[in-house]
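Engineer: Okay, predicted coordinates and the sequence, questions at the end:
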Amino acid sequence: MRRTGMDKAREILRQHFEVGLSQREIADSVKVSLGTVSGILAKARAAGIGYAVKLSNVHSFEYFGGVPRIIVPYNTKTAVSKIDLHDPEANRTYADMARHYGAAIVPARVRKPKDKAPVETGVQIAERRIIAKLRDRQLHGFDEVWEAVRDELEKVNRTPFQKLPGSKLSVFRETEQPQLRPLPPTRYECADWKQVRAGMDCHVRYDGHFYSVPYLYAGKRLELRATAGAMEVFCDHERIASHIRSYASQVRYVTLPEHMPSNHRAVADWTPERLEAWARKFGPDTHTTSASSS
């Protein structure tokens, strides 16, 4: 299999997690095979980088050993759904994450560079003292990259200041860490929320797969919550369906028999032979039409 360039891999992750395209749509957009898209997304999930912005916050909280009272994100779509000076609307998944950790979201204001100045400085330090040092190293897999970045990060944080006593790590432990709230007992499980409409076949679509809902909700607008291992469908905040998430490319439909109407269930297990035998009762023309359709 041909190696996929870093730019294409990054674009595949962006289109999947930020734009919300299906794997087939991403393959057509990026001009790669469906198998390539599926492989890259599988590796990303295994490395825990599926939901980039949300997981970066989770990793930060765990590294800090606590949770700040306020999170100040950029106005990226993965964090903020509606940009507004007075009443911004947080992305549903991002708000879920903040609620789990008991933190408030206050996005950086547009055209207010001072709101994010410390972050820009941190990005420069990461680029110059971590990424630049690793650019010539050959790393195999996300685990090696993660370990190498963490080692360099420890060096940066423990390096003594040139003109002041202490280091970034010692200052953090003395002045900032005591102000953090404790971590909750359980880690946040990243979830993707999406507005969907149930088809007349009683299924909703997510990531190239179709999941059944009770037939009474066919044609209605619903809300879908997807995690790495489960799919949940809600109507007016009430859960109406739950499935184990499928990643199989050969099986695209996940259906619970009880979700189908009784007349569908009655013929769901019919084999072609039984269907032809049933059609034969109505005459040769019906049998011929049924046989040619099967």
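Structural biologist: Arrived safely.
Engineer: Run through the helices of the stretch 51-200 of the chain in chain order.
Structural biologist: Using DSSP state H, counting those that start in this stretch, the helices of the stretch 51-200 of the chain run over 52-64, 92-101, 117-126, 132-134, 142-158, 168-171.
Engineer: Redo the ones you listed as CSV? Include mean pLDDT.
Structural biologist: As requested, the helices of the stretch 51-200 of the chain are exported to CSV (pLDDT from 0 to 100):
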stretch, mean pLDDT
helix 52-64, 81
helix 92-101, 90
helix 117-126, 85
helix 132-134, 90
helix 142-158, 90
helix 168-171, 95
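Engineer: Can you name the helix or strand that residue 14 falls in?
Structural biologist: Taking DSSP states H and E as the criterion, residue 14 maps to helix 6-14.
Engineer: still on that earlier bit, could you say which of the helices of the stretch 51-200 of the chain is packed most deeply?
Structural biologist: helix 92-101 (a mean of 19; mean count of other C-beta atoms under 10 Å). C-beta here means a position set from N, CA and C on the backbone, and glycine is covered the same way.
Engineer: Can you spell out which helices and strands pack onto it?
Structural biologist: helix 52-64, strand 104-105, strand 192-197 (3 or more C-beta pairs under 8 Å, 6 or more residues apart in numbering; DSSP states H and E).
Engineer: and residue 277, which of these is closest to it?
Structural biologist: Proximity to residue 277 (C-beta to C-beta) singles out strand 192-197 among the helices and strands packed on helix 92-101, at 37.5 Å.
Engineer: Following the closest one in sequence, what is the next regular element?
Structural biologist: Next helix or strand after strand 192-197 toward the C-terminus (DSSP H and E): strand 203-206.
Engineer: Next secondary structure after that next one?
Structural biologist: strand 209-212.
Engineer: who does that next one pair up with?
Structural biologist: strand 203-206 (antiparallel), strand 253-254 (parallel) (DSSP bridges).
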